[in-house]
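**Student:** Structure of the sequence below:
(chains A and B)
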Number of protein chains: 2
Amino acid sequence: MVRTVGIVGLGLIGGSLARRMVDAGCQVLAWNHTPRPYAAAQADGIECLPSLQALAEAKPELLVLCNPLRAMPDMLAALAPVMDPASTLTDVGSVKGLVREQVRQAGLESVYVGAHPMTGNERSGFAASDPELFDDALWAVTVDQNTDFQRFLQVSQTITETLHNRLIVLDDHTHDRAAALISHMPHAVATALINQLCASPERNVALALSAGSWRDMTRVALTDPQRTRAMIDENPINVEALLRRMADRLVSYADAIREGREEAMQDFFTQGQPFRQVKAQAGRPPVPAPAHARTPEEPAQQEPAEADSSQQAKATMPLSLSPSTWQETLINSAKQGQRIVSMPSADQAIVLQGPTL
Amino acid sequence: MVRTVGIVGLGLIGGSLARRMVDAGCQVLAWNHTPRPYAAAQADGIECLPSLQALAEAKPELLVLCNPLRAMPDMLAALAPVMDPASTLTDVGSVKGLVREQVRQAGLESVYVGAHPMTGNERSGFAASDPELFDDALWAVTVDQNTDFQRFLQVSQTITETLHNRLIVLDDHTHDRAAALISHMPHAVATALINQLCASPERNVALALSAGSWRDMTRVALTDPQRTRAMIDENPINVEALLRRMADRLVSYADAIREGREEAMQDFFTQGQPFRQVKAQAGRPPVPAPAHARTPEEPAQQEPAEADSSQQAKATMPLSLSPSTWQETLINSAKQGQRIVSMPSADQAIVLQGPTL
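**Tutor:** Residues are numbered from 1 along each chain as shown, chains lettered A, B, ... in the order given. All right, here's what the predicted structure looks like:
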């Protein structure tokens, strides 16, 4: 378990993470590009340092970059000459290939493990931070063939044992393609929908008639559009390809409508059936999380009356790790829909089977 | 004010409407294609009749077709020979051009006024009905040059004075284009998103990483896909055109990303700004509804502290109607974003300005 953590950037994510680390009993050191949040942060038990150099020189076991992605090259350049090799470097950026490349250019690859917690909201700044933002959070931890196993364990055990979160292990490209599919591209689609409304001669009538389906489909287009644009700018190749594939799907369906092709129209509405089934099953009572994935204060979830105890036992299973094949083992586990809920030792991960399509 | 209303079809919408009409003091007669809901409906004060013919022959002032659209031709053919010319015919169908054409083919055009209440949920059947489904509902009332003014007033005053709902007046084509833009096409886009997920090699990783944006964008794709398909099948020309325009928008943006065209990328994120502004303003305290738009039991909304009383007075305004130009006057009013909240007499509508883009 890490005892000292350094946080670079006390915004929504950095602030929430720092406060959760304090709650977990860690010594948390932080630096922010302006000292504005320092009074509030210190009141929350975070030790604020006057410079990034001072933070690096304090040699925290783990140094977490929570700055905006656009500041990453500057942060890495400033850290490179002063960072102690005993510290492990990680980050919370929403694209991973780009960050690893910048880390490599700064000469810090040997101490780096990538990470991306799937949490956040539309707010920003330390004032909006909340340790509960990390309740039940899933992290993507990204590795390549050069990632140091011990540093990987350090980051992963911090996520599972200190933060009581879950994680999946991915290579950068799988992460960035999946994030484009599930988040970046849909943000662009929502934006295109509101653009189409604003350009329509029926826009005011349509606005008057709009109800739940429109509200749900366009909610994410209301986020600060510059924040959405920055997110896409950082993952452009994947987003571009997915937008073209979405456009092809819409045109194919439009063609089927025009030509009255019954089978093609029916096919359009059945292709997504596996996702509908997963969602329908998610409505059932959840399998309780294993005891070690809960905070001490949190009572065990009541067992659903209809749960079969043999199914419960099957819910988690151990996965053996070896220093030579751990990347492949864990990346395969993620692709099969498993989440790591605990890392009790260097040679074992405890995984929980999630839904699959 | 109408005193007797006939309801054809006691499903979710017909049942909810019938129960709300009973609550408003109307005599409500109904027929359903099966007598299954009759016991429950009669317990709620609805008089259930053994045949559609018996319902027509009871000569309700207003006869409301709440059957599924696919049953419309059969219902109209059965009504045509028995309907009393003193009864006004209306419906609640989600496409209006198709229904008017079917009404015309049945020879019932002279007694018809189109209507579409913007309400509903994912459930169905009388057991799911609820008079509160019509709380604050907005109706589209559709007319053409042949629509009888007195029958229009009868339908509209039922909506405003009996149901305490609001309405806008539209021609069929504007209604059907706006409904395609705000509902039918977005349902197809949500469906294409889940199809894309299911077809992706990263589908299980993407599913694990999915969070709020994906949930919001795909919620409407979880609705029974055959219901979504039926909705689109009834409005195919508008949906097809809008899908092609959406595809063009996605490809244009993909091109801008590939070619690094700064201005085009920026433009993609600013076109929808009027919609974002409308939504940001909607977060402010609402202007109270005028007294006559409230049920007697409902207390006046507390005036927001920061409300300017002169702004309150400006919130509603009268619109003069004449028997020769009422269609044009009211359709223009809808296009300007106004909603009719009351129809105190044949020569006046009270309108409330809604948001505009």
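**Student:** make it CA atoms for all contacts and neighbour counts henceforth
**Tutor:** Noted.
**Student:** List the buried residues in the helix or strand where residue A:239 lies.
**Tutor:** Applying DSSP states H and E as the criterion places residue A:239 in helix A:236-259. Buried residues in helix A:236-259, counted by 16 or more other C-alpha atoms under 10 Å in any protein chain shown: A:236-257.
**Student:** and the direction of it versus that of helix B:236-259, what angle?
**Tutor:** Angle, helix A:236-259 to helix B:236-259, by axes from the mean of the first three to the mean of the last three C-alpha atoms, to 10 degrees: 160 degrees.
**Student:** Quick one: name whatever helix or strand follows helix A:236-259.
**Tutor:** helix A:262-268.
**Student:** which outside residues touch that following helix?
**Tutor:** Identification of contacts with helix A:262-268 by C-alpha atoms under 8 Å, 6 or more residues apart in numbering or on different chains yields A:253, A:256, A:257, B:191, B:192, B:195.
**Student:** domains for chain A, by residue range?
**Tutor:** Following automatic domain parsing, chain A resolves into domains at A:4-170, A:176-271.
**Student:** Which of those domains sits closest to residue A:327?
**Tutor:** domain A:4-170 (7.2 Å; C-alpha to C-alpha).
**Student:** Could you give the separation of the closest one from the chain centroid?
**Tutor:** Here domain A:4-170 is found 13 Å from its chain centre; the criterion is C-alpha atoms, centre = their mean, to the nearest Å.
**Student:** Adding mean pLDDT, write the domains of chain A out as JSON lines.
**Tutor:** Conversion of these to JSON lines gives the following (pLDDT from 0 to 100):
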{"stretch": "domain A:4-170", "mean pLDDT": "96"}
{"stretch": "domain A:176-271", "mean pLDDT": "95"}
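**Student:** partner residues bridging residue A:30?
**Tutor:** Residues in a beta bridge with residue A:30, per DSSP bridges, are residue A:7, residue A:48.
**Student:** So residue A:174 sits against residue B:201, correct?
**Tutor:** No - here residue A:174 does not reach residue B:201: they are 9.3 Å apart, not a contact under C-alpha atoms under 8 Å.
**Student:** Compare neighbour counts for these two and give me the winner.
**Tutor:** residue A:174 (20 against 13; other C-alpha atoms under 10 Å in any protein chain shown).
**Student:** Next, the contact list for the more buried one, please.
**Tutor:** Residues in contact with residue A:174, defined by C-alpha under 8 Å, 6+ apart, are B:202, B:205.
**Student:** Could you list the buried residues of whichever strand or helix holds it?
**Tutor:** Assigned by DSSP H and E, residue A:174 belongs to helix A:172-179. For helix A:172-179, the neighbour count (16+ other C-alpha under 10 Å) marks A:172, A:174, A:175, A:176, A:177, A:178, A:179 as buried.
**Student:** How about the contacts made by the residue most central in space within chain A?
**Tutor:** In chain A, the residue lying closest to the centroid (C-alpha atoms, centre = their mean) is residue A:118, at 2.7 Å. Residues counted as contacts of residue A:118 (C-alpha under 8 Å, 6+ apart) are A:137, A:138, A:139, A:140, B:209, B:210, B:211.
**Student:** hang on, isn't the first one packed against residue A:168?
**Tutor:** Which is residue A:137. No - contact criterion C-alpha under 8 Å: residue A:137 and residue A:168 do not qualify, at 11.2 Å.
**Student:** re earlier: now distance to residue B:230 too, for the contacts of helix A:262-268, in JSON lines please.
**Tutor:** Shown next, in JSON lines, are the contacts of helix A:262-268 (distance: C-alpha to C-alpha, whole Å):
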{"residue": "A:253", "distance to residue B:230": "14"}
{"residue": "A:256", "distance to residue B:230": "14"}
{"residue": "A:257", "distance to residue B:230": "12"}
{"residue": "B:191", "distance to residue B:230": "14"}
{"residue": "B:192", "distance to residue B:230": "16"}
{"residue": "B:195", "distance to residue B:230": "18"}
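**Student:** which two from those end up farthest apart in space?
**Tutor:** A:257 and B:195, at 17.1 Å, using C-alpha to C-alpha across the contacts of helix A:262-268.
**Student:** for the stretch 101-250 of chain A, what spans make up the helices?
**Tutor:** Ranges of helices in the stretch 101-250 of chain A, per DSSP state H, counting those that start in this stretch, are A:149-157, A:172-179, A:185-199, A:203-209, A:212-218, A:225-233, A:236-259.
**Student:** How far off centre is the second one?
**Tutor:** Pointing back at helix A:172-179 there. Centre-to-centre, helix A:172-179 and its host chain are 11 Å apart (C-alpha atoms, centre = their mean).
**Student:** now the third one
**Tutor:** In this view, helix A:185-199 has its centroid 24 Å away from the chain centroid, taken as C-alpha atoms, centre = their mean.
**Student:** Tell me what angle it forms with helix B:236-259.
**Tutor:** Angle of helix A:185-199 versus helix B:236-259, following the same axes, to 10 degrees, is 120 degrees.
**Student:** circling back: neighbour-wise, which one of the contacts of residue A:118 leads?
**Tutor:** Taking other C-alpha under 10 Å as the neighbour criterion, residue A:140 ranks highest of the contacts of residue A:118 with 27 neighbours.
**Student:** isn't that residue right up against residue A:116?
**Tutor:** Yes - using C-alpha under 8 Å, residue A:140 makes contact with residue A:116 at a distance of 5.1 Å.
**Student:** if I look at these two, which residues touch both of them?
**Tutor:** Common neighbours of residue A:140 and residue A:116, using C-alpha under 8 Å, 6+ apart, do not exist here.
**Student:** Tell me, how many residues neighbour residue A:168?
**Tutor:** Neighbour tally, residue A:168, other C-alpha under 10 Å: 27.
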